[in-house]
Structures are given as C-alpha cells and as structure tokens.
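1. Task: produce atomic coordinates for the following.
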Amino acid sequence: MGRFLLKADLTEADDRLRALRAGLAPDRPPPTDALRRAVEASTGLAVAAIEGQARRGTFRWVVPAELGNGLRVMIRVNRLDHVELETGLAVEARLLRYLRTIGLAVPAVVAVDTSKAAVPAAFGVVERLEGPTLADCDDDDVATERALRSLGRYLRELHGVCLAGAGPIAIVAERGGPTDFVGIETSWADYVVERLPDHLAALVTGGVVAAETAGAIERRIRAGRYDDISDRLLHGDPGGPNVILAMDGTVKGLVDWEDALVGAPIFEIASCAAFHPERRWPALFEGYRFALAQERGCRFWLYYLRIAVARTVVRLRFGIGDPPGRPAAAGRITRAMEALGLPEAVRP
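-> Numbers count the residues shown, from 1 in each chain. So this is what the prediction gives:
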C-alpha cells in the first residue's frame, strides 16, 4: 500500500507518534561530540561550531552548526529508525541539487549519511537559509499577504518543472536532470484517492464526521475528474515554517522537501491555501496568477477537501489540538463540502 501524506500514513503506532510529538519518546539527540565526528566524516569538513541546542522537529532533531569553510548549516538527524525517513533524506538531497542547477532558490546540500556508522541514526547536512519564516509573521496580515504573493510567484516557477509519473518521488537515475526522478503512482487520479478509505475511517473513529458524511466525501472525491495538468513538481508541504523570507518580506527559499511529489499545480495551491484563512487567499492567487473560476474552482475545492481530510488525520494521530482562537482543523472539511454542494459534515 502506498501513501498520500507521510505524517498521515507512516507505519508507526499512534501512541508512538503522540509520544514523539510530546517529547516523551525514548529518543535523544546524538551527543555533540559524536555528531561532530559524524558530520566531519561525511562532509570531509571540520565543524567549527555547534551553534545551539538541538530543536525537536516532528521526525528529526535539528542542530545549527557552522562548518570550517564558513558555511552555516542545519544538521537534521532522524528521530525514528524508519526506511521512509531515510529515503526522504536521500530523495530531498538529490532533488535540491537538481533544483539549484536550474536556479530555484533552495538550500545547498552538503551531505546525507544513512550508514548509522558514527551515530545511530540517518542524518543530512544542508545549508541554513537565514531569515524569518512565513509562520513568524502570522499575526500580521499585511506582511503575510506580501509573502503569499511572493510565494505564489515562487510556486509558479517551481511548477514549470515537468517530471514523469505521479505522487511521491523516487530516484531512478543519477544523471543530474529531471529524468532522475519519477512519481511512484501509476496515475494522478490513483494518487488522489490513495489511502482515502483509511483516512475517512480514522475520521469516523475519531468522532470528526459521521459515517454517512464520510461516505459522501469518498463518493464525491472518487467522482472527480483529475485530468488537469499533473506532471509538475510540487513541494508538497508549503506551510509557514518551510517558507524562509528575505529582509523585504519576499520568499528567499523553501526548505524541507521530503514531501515533494509529481502532481497538479492546483493541488499545491489548495495545499498552501489550507494553511491560511480565506481572507488571505487573494494574495496567494494574485502572485500565482490563479483564477478560482468555475471548473478550476471545482478542482480546487476537491483538492482542498482531500488535503483537509489527510491533515485532520495527522492531527488525530499525533494528538494535536486546535490552537486557541483558530478555526477547528475539521472546519476545513466542512468548508470544502459546502463549496462542493455536499451535505453538511455532521459529527456522529
């Protein structure tokens, strides 16, 4: 069975994921001396300084450092010993190297080490893009909308990259071009419905929607026509923490490409929009030059609904509550159903 979204579909028990998020899991960042030796062995460069404490990410410890050549980097160490997380590091590294050759603003990759020889976990070393993130200006509509216009332009440029296949990316060659990568699903339509019954069952079990509502959602998503352009490279997770801003508030680059996929640009627009209240969408659409017209609008809302279902599953699996003063995550499901003319999403 494939996956739609790594955080929703990773084959780990929910209790383990909740403990991981809460910092209760029995994992610790590698000792500084061991990590220093591991990075020096994998990069061939001295580590001039470990510049701060390890920060706990969802799946990785993130350690800021400076190498002997003056490059400031982030060392990202897996917290779970899982093949998909190791594969993600390798795919991301290869993809970033290619994107830099075509001039897209992404961090440089220094090294990836999955040997677990010096530290008992796979890790990667990437350039640190300095600057605030889109998440840092979330309380400022003006600043956020400026960044969203810039992000729209960035994503439009990214979506100019054409790849074969659909869905999550695998490496099939090492030639240094777009033919190095392929989406692992047989078709884009197959990707859209990947794990859909499992996700809807989780929402019913979690008390988010009633069984009849889940049935209506599945029928509507499966009835969609997914024959729009679907051979483009997508970042896959254009949320605020992954968008690094320059001093003028425009996008400096995107980080964390492990969810990259081959798919439809409208899917990525819907994914980005789902991170923000609707009042901010016009700025994103303007930057991308996207018009929410009738047919494209229908496709947008189908993708928005599919994304909302998967992200709500993530919240259930990791035990993430709704932040105070924010709309409930499941409210995005209701909003999409409303836009698509489906019955109201009633809780059981």
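
2. Any idea how many residues pack against Arg315?
-> By other Cβ atoms under 10 Å, 18 other residues sit near Arg315. Bear in mind the C-beta positions are built from the backbone N, C-alpha and C, glycine included.

3. show me the contacts for the closest residue to it other than its chain neighbours.
-> Nearest residue to Arg315, sequence neighbours excluded (Cβ to Cβ, 6 or more residues apart in numbering): Ala329, at 5.2 Å. The contact partners of Ala329, by Cβ atoms under 8 Å, 6 or more residues apart in numbering, come to Ala308, Arg311, Thr312, Arg315, Asp322.

4. Please apply the same query to Ala34.
-> Ala34 neighbours (Cβ under 8 Å, 6+ apart): Ala118, Val119.

5. can you give me phi and psi for it?
-> Main-chain dihedrals, Ala34, degrees, to the nearest 10: phi -70, psi -40.

6. Am I right that Arg76 is in a strand?
-> Yes: according to DSSP: H, G, I helix; E, B strand; the rest coil, the state of Arg76 is that of a strand.

7. does it really touch Phe123, like I thought?
-> Yes: taking contacts as Cβ atoms under 8 Å, Arg76 lies within contact range of Phe123: 6.2 Å.

8. what do these two both touch?
-> By Cβ under 8 Å, 6+ apart, Arg76 and Phe123 have these common neighbours: Leu89.

9. The two - which one has more neighbours?
-> Neighbours were counted for Arg76 and for Phe123 using other Cβ under 10 Å; Phe123 has more, 26 against 23.

10. any idea how far that one is from Leu85?
-> Counting by Cβ to Cβ, to the nearest Å, the gap from Phe123 to Leu85 is 11 Å.

11. Repeat that for Ala49.
-> Plainly put, Ala49 is 27 Å away from Leu85 if you go by Cβ to Cβ.

12. higher neighbour count, the two?
-> For Ala49 versus Leu85, neighbours defined as other Cβ under 10 Å are more numerous around Leu85 (19 against 12).

13. Show the contacting residues for the more buried one.
-> Phe59, Arg60, Asn78, Ala122, Glu258.

14. Sort out for me which of the residues you listed are in strands.
-> Arg60, Asn78 (DSSP state E).

15. Pick the one among the contacts of Leu85 closest to Glu194.
-> Ranking those by separation from Glu194, with Cβ to Cβ as the measure, puts Glu258 on top at 17.1 Å.

16. ok, back up a step: per-residue pLDDT, the residue nearest to Arg315?
-> Note on Ala329: pLDDT of 75.

17. Also the one 10 residues further on?
-> We note a pLDDT of 92 for Ala339 in this prediction.

18. do the same with Ala118
-> Looking at Ala118, its pLDDT stands at 85.

19. can you count the residues close to it?
-> Around Ala118 there are 18 residues (other Cβ under 10 Å).

20. Give me the three-state assignment for it.
-> coil.

21. Nearest residue to it in space, please, no chain neighbours.
-> Ala38 (3.4 Å).

22. Equivalent analysis for Asp228, please.
-> Ala264 (5.1 Å).

23. got the phi/psi numbers for that neighbour?
-> Residue torsions, per degrees, to the nearest 10, at Ala264 are phi -90, psi 130.

24. Now do the contacts for it.
-> Trp188, Tyr226, Asp228, Ile229, Ser230, Arg232, Arg299, Tyr303.
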